[in-house]
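S.K.: when you get a sec, could you give me coordinates for this:
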Amino acid sequence: MNEMLDEYRKAYVAGRTAQEVMDVANKIKPKDPLMIRARFFFHPLPMYVRRFSANGLKFSRGVYVAGIGSRYKQHPLLSPSLTLHYNTLYAHEPSFTFAVPEWGEEGLSFGIEQAVVFTKRGCDYLDRGNVEWHVVK
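M.R.: Purely as a prediction, here's the structure:
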């Protein structure tokens, strides 16, 4: 999975639109045979702040993030035509589904949301990336 995270970071290219970044990232095929699905989504980091600013609650009523909230409106910062520029912040949101034979075709799905900065060096995590995983049995 860490390989997929590294590959997704390569999709960030100056001048690409948000839709182009997502299209490129979502064409990357998982190398792990147990990973049955991998999806990528991202959005500008100012939307992070908006999630908490409406009334102090995450995913609160009236928040305009990816359709969450009862009064959804398309926010200009979520436009698929948004163009990437250097020195900007994004919420990097990949999700993965792994095969679990005992669970049938559904598998185990989980998502990650991390803040990243896009600079001339590329896409870097503001904190460290996920480098180890803790399995709870």
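S.K.: how much space between the residue most central in space within the chain and E113?
M.R.: When Cα atoms, centre = their mean is applied to the chain, the residue found nearest the centroid is E93 (1.5 Å). Going from E93 to E113 by Cβ to Cβ, to the nearest Å gives 5 Å. Every residue, glycine included, has its C-beta placed from N, CA and C.
S.K.: mind listing what the host helix or strand of the residue nearest to the centre of the chain pairs with, with the direction of each?
M.R.: For E93, the element it lies in under DSSP states H and E is strand 88-98. Strand pairing for strand 88-98, determined by DSSP bridges: strand 35-44 (antiparallel), strand 108-111 (antiparallel), strand 114-119 (antiparallel).
S.K.: tell me the mean pLDDT over that strand?
M.R.: Averaging pLDDT along strand 88-98 gives 87.
S.K.: so what touches that strand?
M.R.: 1, 4-5, 8-9, 12, 25, 30, 32, 34-48, 106-118, 123, 125-126 (Cβ atoms under 8 Å, 6 or more residues apart in numbering).
S.K.: give me the buried subset of these.
M.R.: Burial by neighbour count, judged by 16 or more other Cβ atoms under 10 Å, picks out 1, 4-5, 8-9, 12, 25, 30, 35-36, 38, 40-45, 47-48, 107, 114, 116-118, 123 from those.
S.K.: pretty sure Q19 contacts H43?
M.R.: No. Using Cβ atoms under 8 Å as the test, Q19 is too far from H43 to be in contact (12.0 Å).
S.K.: shared neighbours of those two, anything?
M.R.: By Cβ under 8 Å, 6+ apart, no residue touches both Q19 and H43.
S.K.: for G104, give its distance to T119.
M.R.: Note on G104: its distance to T119, by Cβ to Cβ, is 43 Å.
S.K.: and those two? Which one has more around it.
M.R.: Under the criterion of other Cβ atoms under 10 Å, the comparison of G104 against T119 puts T119 first, with 13 against 8.
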